[in-house]
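J.: Sequence and predicted structure, then a few things I'm wondering about:
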Amino acid sequence: MSPWQRNACGALLLFSLFWGPSLVLARLQDNPQDLCPSQLQAQQISIPGPLADKLSEIISSHWQKSDSPGISLSVVSGDKIVWEWNGGFTSLNRTQRVNSQTRFRLASITKAFTSTLLFQLVSRGVIQSADDRIKNYIPDFHIIDPFRRSGSPTASQLTFRQLAAHLAGLPREPPCSWEDCQYSTQDMLKLVSSVPLIVKPNSRVSYSNLGFNLLGHGLGEYTNWADKTANKTWEALLKHLIIDQIGLQNTGVFHDMSDAQGNFAYGYSEGQQVKLYDLAWNNPAGGMVSTTEDLSKYLIALMSDDESKALMDTYTRDSFFQPIFMTRDNLGVWGAPWEGQRRGEYTVLRKGGGLPGYSTFISFVPEFKLGVSILMNSGTMAAEDLTFDLWTVLLPYLQSTLPVEPVKTATPALLPFVGVWMDESGLKWNFTLNATSSYISFTAPPYYYNGPGYLIPSKVGNLGGQVWAQTYHPDNTIPCFRNLMGLNFEYFVYESSPAEAIRMPFFFPARVFYRVK
């Protein structure tokens, strides 16, 4: 390199360091979405031969490594099943081949259905919010709270959403065994009253089957979804709002061996058939049976924008898909109940399950209306690894196939959120409105972040207010958002009185902001 070239490069580098950020900031002040002008447009896809061959190769490889006698898999796009893959047998007797109507135990995929019931009741106005307190509906709910301090939240303030997101701090299991939990909810509430929380609520994710059982039975038995003469149970609610509504022909709850007749996959662990038993009071956390055909119908109805065919209105549905916590590496997402995984600009929402003899997984990307269901009668967690590898192939295919469309950004009224706010540590945050009223800039305390950040408005609501994505970027850039999932972000949730307080309820540590001026 010549001296002239070195000098020119040095000048360009200095210009970039000193003037580049200012130029980027100027662009943002004009239009923050200039940096991400388009996104992929969702539309129904097909699975062409070469892609089908690659998917088949991946499935065969994972299946051969497992001890599963059979496997059933389906892919949905838009409102159709576009690809299926079935292999093996329902048992080692090898008399019944697995197909898309073969029933498997779902294990913890059941939690997705129980959470769906929560948001359906919100959509129908039966309960006001997913953030309603449990005790408002179940007065007899009590639990020992060793973390309570003067002026701090108590266990009596636990919410439905915290149960669904494993943020209530409850023990993992109820005070009974999985094979023998023949209790009424009233009797279980008495047992739970002597159980302590194991984690401070809202401080971190603590997986809890107990929480999902309380959620399911609470919704089924204690909300006004049916009149007083009805048989109000979680199972009846499940049948009423999901199974019957979208026509799931082979979906239900396992109770005894009569539910294992016909086209049913028997579970195996290390070559031995496992015992089948009724989970009883634990059923809302893992007691369902279904098929890939029915799971596909569920995913289609869950992602549908056509409210005449969908399980809930789109506003509530988007809140249901809302992430609540993102891990520090920005790759893992926790929701209610979704366990998402970041893949570039997109997040694959998923829920897996495992019982002795069964490995199950559903996953989907809402933006693309694309979902995958996998059921295996094996005790290993083979379905999870298979899911990961399938999306490694599916997402690049989508990105090379789908057309793009302009980004659509909602702009709610921003003025009530402008001002100076103080957090619980006494540190001040200044929120200002940009000239075009399209976003709010904020200045954080120096120790927290040395530079400005931005709040990008979204039409997705939560807690009766607006949900915002908060980004931290030293170069002042704003990434393209996919369902409010950018890089290095947190959520601010403005409650119904934004002029008084801002609450960030789910991030760690949780922060509460109070207006200073």
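T.: Alright, I've got the coordinates.

J.: which of the residues in stretch 241-256 are buried?
T.: Across stretch 241-256, burial judged by 16 or more other CB atoms under 10 Å covers L241, I242, I243, I246, L248, N250, T251, G252, V253, F254, H255. The way it works is simple: take the backbone N, C-alpha and C, and place the C-beta from them, glycine included.

J.: Give me the mean pLDDT for it.
T.: Across stretch 241-256, the average pLDDT comes to 96.

J.: neighbours around the residue nearest to E307 when sequence neighbours are not counted, how many?
T.: Leaving aside its chain neighbours, E307 sits nearest to D313 (5.6 Å; criterion: CB to CB, 6 or more residues apart in numbering). Neighbour count for D313, taken as other CB atoms under 10 Å: 15.

J.: For the stretch 201-350 of the chain, just list every one of the strands.
T.: 252-253, 268-269, 272-273, 288-290, 325-326, 332-334, 339-343, 346-355 (DSSP state E, counting those that start in this stretch).

J.: nearest to W225, of those?
T.: Of all these, strand 252-253 sits nearest to W225, with 17.5 Å by CB to CB.

J.: list the contacts for the residue nearest to K54 when sequence neighbours are not counted?
T.: Leaving aside its chain neighbours, K54 sits nearest to V393 (5.5 Å; criterion: CB to CB, 6+ apart). Residues counted as contacts of V393 (CB atoms under 8 Å, 6 or more residues apart in numbering) are L51, K54, L55, I58.

J.: Which parts of the stretch 151-300 of the chain are helices?
T.: 160-164, 185-192, 209-222, 234-238, 244-246, 283-286, 292-303 (DSSP state H, counting those that start in this stretch).

J.: Now do the last one: everything it contacts.
T.: This means helix 292-303. 72-74, 76, 78-81, 84, 86, 100-102, 109, 113, 116, 242, 245-251, 290, 309-311, 317, 362, 364, 366, 369, 371, 373-375.

J.: and it with strand 346-355, angle?
T.: 140 degrees (axes from the mean of the first three to the mean of the last three CA atoms, to 10 degrees).

J.: likewise the third one?
T.: Inter-element angle recorded for helix 209-222 and strand 346-355: 90 degrees (by the same axes, to 10 degrees).

J.: What angle do helix 185-192 and helix 209-222 make with each other?
T.: If you take the same axes, to 10 degrees, helix 209-222 sits at 140 degrees to helix 185-192.

J.: all numbers from here: first residue = 18
T.: New numbering, starting at 18: the last item is helix 226-239.

J.: if I look at M329, how far off is S275?
T.: 32 Å (CB to CB, to the nearest Å).

J.: These two: which is more packed in?
T.: Each of M329 and S275 has its neighbours counted (other CB under 10 Å); M329 has more, 22 against 7.

J.: Please give me every residue in contact with the spatially closest residue to the more buried one that is not a sequence neighbour.
T.: Nearest non-adjacent residue to M329, counting by CB to CB, 6+ apart: S140, 3.8 Å away. S140 sits next to M329, D330, T333, R334 when contact means CB under 8 Å, 6+ apart.

J.: got it, and A353?
T.: Going by CB under 8 Å, 6+ apart, A353 touches S132, L135, A147, R178, A181, A182, F337, Q339, I341.

J.: let's see 7 Å
T.: Counting by CB atoms under 7 Å, 6 or more residues apart in numbering, A353 touches S132, R178, A181, A182, I341.

J.: The fourth one against I341, yeah?
T.: Yes: under the criterion of CB atoms under 7 Å, A182 is in contact with I341, at a separation of 5.0 Å.

J.: Mutual contacts of the two, please.
T.: W351, G352, A353.

J.: The second one: neighbouring residues, count only.
T.: Read it as G352. Neighbour count of G352, defined by other CB under 10 Å: 23.

J.: Do you know the pLDDT at it?
T.: 86.

J.: For it, give its distance to A182.
T.: Using CB to CB, G352 is found at 6 Å from A182.

J.: Need the overlap of contacts for these two.
T.: I341.

J.: Quick check: buried residues in stretch 335-352?
T.: Buried residues in stretch 335-352, counted by 16+ other CB under 10 Å: 335-343, 349-352.

J.: and what of stretch 249-259?
T.: Buried positions in stretch 249-259, judged by neighbour count with 16+ other CB under 10 Å: K249, T250, W251, E252, L254, L255, K256, H257, L258, I259.

J.: can you list those residues in a markdown table and add distance to N153?
T.: Shown next, in a markdown table, are those (distance: CB to CB, whole Å):
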| residue | distance to N153 |
| --- | --- |
| K249 | 17 |
| T250 | 20 |
| W251 | 18 |
| E252 | 23 |
| L254 | 18 |
| L255 | 22 |
| K256 | 25 |
| H257 | 22 |
| L258 | 21 |
| I259 | 24 |
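
J.: For ChimeraX, what selects the buried ones among the contacts of helix 309-320?
T.: Of the contacts of helix 309-320, the buried ones can be selected in ChimeraX as follows, counting by 16+ other CB under 10 Å:
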select :89,90,91,93,98,101,103,117,119,126,130,133,259,263,265,267,268,307,327,328,334,379,381,383,386,388,390,391,392
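
J.: could you list every residue that touches S210?
T.: S210 touches H159, I160, counting by CB under 7 Å, 6+ apart.

J.: same deal with Y224?
T.: The contact partners of Y224, taken as CB under 7 Å, 6+ apart, are H183, R189.

J.: With the one 10 residues further on instead?
T.: Under the criterion of CB under 7 Å, 6+ apart, the contact partners of H234 comprise T202, W251, P301.

J.: Ok, H257 next?
T.: Residues near H257 by CB under 7 Å, 6+ apart: none.

J.: Show the pLDDT at the nearest residue to A129 once chain neighbours are set aside.
T.: Closest residue in space to A129, ignoring its immediate chain neighbours: K368 at 4.5 Å, by CB to CB, 6+ apart. Looking at K368, its pLDDT stands at 96.

J.: Show me the beta-bridge partners of K368.
T.: Counting by DSSP bridges, K368 is bridged to I379.

J.: how many neighbours does it have?
T.: 23.

J.: still on that earlier bit, among the helices of the stretch 168-317 of the chain, which is nearest P188?
T.: With CB to CB as the criterion, P188 lies closest to helix 226-239 of those, at 5.7 Å.

J.: No further questions, thank you.
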